[in-house]
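> Need coordinates for the below:
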Amino acid sequence: MSLLDHDPIFPNRNRIILDEYKLTNDYLPTRLPHREQHLVETIDHLKPIFQGEENIVRTVIFNGPIGTGKTAVAKSIGKKLQDYVAKKRIPPIAYAYINSQSFTTKFQVLRKIGKDLGLNIPRRGFSTQEVTEYIVNFLDKNGYNLYLVIDETDVLLRRPEGNNILYTLLRLGEIFGPSRFGLALVVVFRNYTVSIEYMDKSILSSLNAHYVEFNPYTSRELEDILVSRIRNEKAIREDAVSDEIIKMIADAVGYDPATKRGYGDARMAIKILWFAARHAENEGRSHVLPEDVRYVINRGVLPTIYDPEFLEKLQLHEKLLLLAIARTLMLNRERAYVSMGVVKLEYEDLCENYGVKPLGHTSVWERIQRLRNLGLIETRVAKGRTRGRTTHILIPEQIGISKVPLNLLEKTLMRLIEKELASL
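Predicted structure coming up:
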């Protein structure tokens with residue numbers, strides 16, 4: 001028996017959550033239920049590079065909505081490779097992972113690749129060409145092949161440098177003439193069909209890739225995922241969550257292929273389980289009850305297409321502008337869009353309320369363009385009633401003004417803004 005069982009500061013008797021980290025998006029589970037075939041299919045296509053074949057490029061496209069296991073499969077392959085290399089079961093393979101939302105310029109992307117390879121590349125003093133050459137020479141001289149994952153590629157392609165970055169990565173092995181290393185590339189999309197519209201022809205011709213589709217999870221598949229997270233990963237005390245609770249959560253989130261309804265988002269299901277378990281603990285109970293699940297769902301804390309973890313990475317003024325857009329749309333419920341001028345006035349009011357100096361017109365416009373590039377809003381230029389043109393702003397229907405209640409978006413943004421300002 002642990003001493004903590006008798007410690008009034010750390011009471012153990014009601015503990016349900018055993019390892020909170022294993023319920024976060026950053027955790028890579030040891031098993032990936034219902035994604036085993038995706039894993040095998042990807043490895044089979046990239047196997048020549050993993051076996052040490054040089055001077056070739058193999059590309060795989062992962063496509064599917066949020067929470068369907070794309071990143072987990074891509075990262076799981078990287079971990080397996082690192083383990084195999086450590087045990088000398090395969091030739092040397094370097095592994096690099098890029099989340100396009102976190103790295104916005106070509107230099108930042110290349111520097112992150114270099115960092116993953118163990119290279120010390122300073123923030124200043126190197127050009128992008130020098131960093132690229134440094135990486136290529138390192139791989140070439142040391143006899144490494146490279147496994148590279150580019151996540152959130154939809155976001156990357158909407159940036160000014162996006163096509164150029166992707167083109168460079170696709171042609172990494174031939175930029176400075178023939179090199180000896182092989183490149184295994186996984187490119188992850190939320191919506192590949194839409195993203196094609198942002199691709200240069202040079203990218204499309206180079207992206208001769210194997211395509212792997214990730215469909216939303218059904219209720220039964222989500223049950224298996226939740227059970228695995230509890231039993232195999234030991235994230236939650238097993239006897240604290242009944243089969244009925246697991247089924248209840250899975251049914252609330254699962255996708256129905258027949259009706260094409262439901263999120264099918266594993267991250268969402270895991271977060272419901274997490275928050276329900278936390279609520280039960282806070283209530284002093286040692287088991288999760290249906291009322292805990294209902295509390296989480298009815299409190300509006302479910303992740304949506306506008307995932308709080310995605311929004312948190314926005315800059316402060318981008319959050320303020322998105323909040324201004326949400327509030328303006330809430331005040332004009334009969335309108336599908338609002339004008340740039342009205343949004344700017346609401347944004348300036350928000351800045352005054354939060355004690356933040358508002359940005360100038362050009363800087364505001366740049367932030368609006370970034371929100372558009374991220375796919376969070378749409379902008380349309382329309383002819384004004386008097387003279388000139390005006391910009392209309394709306395939340396894209398395909399990611400769901402009906403799926404994302406504006407009051408939920410408002411609450412999430414307010415919480416994130418207050419959290420950021422409190423940390424300054």
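
> what's near enough to touch residue 190?
63, 64, 65, 66, 152, 154 (CB atoms under 8 Å, 6 or more residues apart in numbering). Heads up, the C-betas are built off the backbone N, CA and C, glycines and all.

> List the residue ranges of the protein that fall below the pLDDT cut-off.
Applying pLDDT under 70 to the chain flags residues 1-13, 176-179, 300-307, 309, 333-336, 382-390, 394-405, 424.

> so which strand or helix has residue 29?
Here residue 29 is covered by no helix or strand, with elements defined by DSSP states H and E.

> What count of nearby residues applies to the residue nearest to it when sequence neighbours are not counted?
Nearest residue to residue 29, sequence neighbours excluded (CB to CB, 6 or more residues apart in numbering): residue 233, at 5.5 Å. When counting by other CB atoms under 10 Å, one arrives at 16 neighbours for residue 233.

> Residue 233: what secondary structure?
coil (DSSP: H, G, I helix; E, B strand; the rest coil).

> roughly how far apart are it and residue 21?
Note on residue 233: its distance to residue 21, by CB to CB, to the nearest Å, is 10 Å.

> Give the residues shared as contacts by those two.
Contacts common to residue 233 and residue 21, judged by CB under 8 Å, 6+ apart, are residue 27.

> what helix or strand does residue 44 sit in?
helix 36-50.

> Strands - which of the contacts of residue 190 land there?
Within the contacts of residue 190, residues falling in strands by DSSP state E are residue 63.

> Can you lay out the contacts of residue 190 as CSV showing distance to residue 296 and neighbour count?
Shown next, in CSV, are those (distance: CB to CB, whole Å; neighbours: other CB atoms under 10 Å):
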residue, distance to residue 296, neighbour count
63, 30, 21
64, 25, 20
65, 21, 18
66, 18, 20
152, 27, 21
154, 29, 22
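
> picking that back up, list the contacts for the residue nearest to residue 29?
Residue 233 neighbours (CB under 8 Å, 6+ apart): 19, 22, 27, 29, 30, 31.

> since we're on the fifth one, how many residues are nearby?
Other residues lying near residue 30 total 10 when counted by other CB under 10 Å.

> any idea where the helices of the stretch 1-150 of the chain begin and end?
Counting by DSSP state H, counting those that start in this stretch, the stretch 1-150 of the chain has helices at residues 36-50, 70-86, 106-116, 128-142.

> for the third one, packing partners?
For helix 106-116, the contact count by 3 or more CB pairs under 8 Å, 6 or more residues apart in numbering; DSSP states H and E identifies strand 93-99, helix 128-142, helix 162-170 as packing neighbours.

> orientation of the first one relative to helix 36-50 in degrees?
Calculated by axes from the mean of the first three to the mean of the last three CA atoms, to 10 degrees, strand 93-99 forms an angle of 130 degrees with helix 36-50.

> returning to that earlier point: which of the contacts of residue 190 lies closest to residue 141?
residue 152 (31.2 Å; CB to CB).

> So that closest one versus residue 374, what's the distance?
On the measure of CB to CB, residue 152 and residue 374 end up 9 Å apart.
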